[in-house]
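Novice: sequence plus the predicted model coming up.
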Amino acid sequence: NSRLINSYNDIAIQDAILAQHTLYPYHFVKNGAQLNELGRRDLAVLAGHFKQNPGRLNIRRDDVSPDLYSARVQFVLNELQKAGVVAGRIAVADGMPGGSGISSERIVTILSSGKDADRETSSGAPSAGVAR
């Protein structure tokens, strides 16, 4: 039973990594361009996916210098290439996990107007509503 539970957990973790498709500063060695153990694990999951499927990889910059951010992006791209991912299959950006989402300004507008479920996101899709 424990193997079955662990396999379900592994699948859930891999699905979450793919849905997020984002590397954060905590995935990297502090003040360095190399990935730490967590970053290597997550990138291995993403590389396995990107070998078969195109997609987007977010590498969050946060407050690191432009030079360090560029070094991190280059390190990740090199690691993906070593893993057999064709360079043109993925787009790398400093984006949010899971897609563009909704801007904080839009949330403030929605909350201040007192309406939520009837609003639409900037993409034209119905919003999921705002919990109060």
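Specialist: In hand now; what should we look at? Residues are numbered from 1 along each chain as shown.

Novice: A strand includes Leu57, no?
Specialist: Yes - under DSSP: H, G, I helix; E, B strand; the rest coil, Leu57 sits within a strand.

Novice: for it, what are its contacts?
Specialist: Going by CB atoms under 8 Å, 6 or more residues apart in numbering, Leu57 touches His21, Thr22, Leu23, Leu46, Phe50, Val76, Leu80, Ile90, Ala91, Val92, Ala93. In this view, the C-beta of every residue, glycine as well, is placed from N, C-alpha and C.

Novice: ok, Lys82 to Leu23 distance?
Specialist: Per CB to CB, to the nearest Å, Lys82 is found 16 Å from Leu23.

Novice: show me the strands in the protein, by range?
Specialist: Assigned by DSSP state E, the strands in the chain fall at 22-23, 55-59, 90-93.

Novice: re the thing from before, looking at Lys82 and Leu23, which is more packed in?
Specialist: Leu23 (24 against 9; other CB atoms under 10 Å).

Novice: returning to that earlier point: and the strands of the chain, which is most packed in?
Specialist: Sort those by mean neighbour count, taking mean count of other CB atoms under 10 Å, and strand 22-23 sits at the top with a mean of 22.

Novice: which helices and strands does that one pack with?
Specialist: For strand 22-23, the packing partners by 3 or more CB pairs under 8 Å, 6 or more residues apart in numbering; DSSP states H and E come out as helix 37-50, strand 55-59.

Novice: rerun at 10 Å
Specialist: For strand 22-23, the packing partners by 3 or more CB pairs under 10 Å, 6 or more residues apart in numbering; DSSP states H and E come out as helix 37-50, strand 55-59, helix 66-82.

Novice: out of those, which is closest to Ile13?
Specialist: With CB to CB, the closest approach to Ile13 among the helices and strands packed on strand 22-23 belongs to helix 37-50: 8.0 Å.

Novice: tell me the buried residues in that closest one?
Specialist: Gly39, Asp42, Leu43, Val45, Leu46, Ala47, His49, Phe50 (16 or more other CB atoms under 10 Å).
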